[in-house]
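*Asks:* pasting the structure only:
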């Protein structure tokens, strides 16, 4: 079986100092290799082809046959690496915390510890009958995030 680490090292040497980052590498028992790559401004088909060719040339089909797919992560897929949070700053995201709490908000900031979301909150001031909607910033640590993905709206 082909090692996931070998494939990832081939990809990392192929992308070098570009802004491309590896989102995920999967290798199953039948040597089906699935690679997801992206970059802040969005990955092109040509870049995926270049990475695919690098992996093809870095592995030897004579020793072990394999199937290879190189793509960008799907729009509906949860974020897997911190770079995806940076890329999606300024977009609406859905976050599910490990405790089950769901948060929808505008992704304001991402750093090495977590993210900051701007969310709508209803607050009732003393003496008021109705709650009013205000915007609040909520910080969520990466360790508290179960899933996060871009909110799709039409």
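*Replies:* Arrived safely. Every value quoted in this text rests on a predicted model; they were computed, and no experiment measured them.

*Asks:* CA only for contacts and neighbour counts going forward, please
*Replies:* Fine.

*Asks:* kindly report the domain assignment for this structure.
*Replies:* 4-71, 82-150 (automatic domain parsing).

*Asks:* redo these as JSON lines? Include mean neighbour count.
*Replies:* Below are the domains of the chain laid out as JSON lines (neighbours: other Cα atoms under 10 Å):
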{"stretch": "domain 4-71", "mean neighbour count": "15"}
{"stretch": "domain 82-150", "mean neighbour count": "16"}
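
*Asks:* can I get those domains in TSV including mean pLDDT?
*Replies:* Putting the domains of the chain into TSV (pLDDT from 0 to 100) gives the following:
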stretch	mean pLDDT
domain 4-71	95
domain 82-150	94
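
*Asks:* would you say residue 9 is within a helix?
*Replies:* Yes - the assignment for residue 9 is a helix, going by DSSP: H, G, I helix; E, B strand; the rest coil.

*Asks:* what distance do you get for it to residue 25?
*Replies:* Remark: distance between residue 9 and residue 25 (Cα to Cα, to the nearest Å) = 11 Å.

*Asks:* look up phi and psi at residue 12.
*Replies:* Phi and psi for residue 12, reported as degrees, to the nearest 10, are phi -60, psi -40.

*Asks:* grab the nearest non-local neighbour of it.
*Replies:* residue 22 (7.8 Å; Cα to Cα, 6 or more residues apart in numbering).

*Asks:* ok so residue 50 is a strand residue?
*Replies:* No - Residue 50 sits outside any strand when classified using three-state DSSP, being helix.

*Asks:* gap between it and residue 20?
*Replies:* In terms of Cα to Cα, residue 50 sits 12 Å off from residue 20.

*Asks:* next one: phi and psi at the residue most central in space within the chain?
*Replies:* The centre of the chain sits closest to residue 79, judged by Cα atoms, centre = their mean, with a distance of 3.0 Å. With angles defined as degrees, to the nearest 10, residue 79 sits at phi -70, psi 140.
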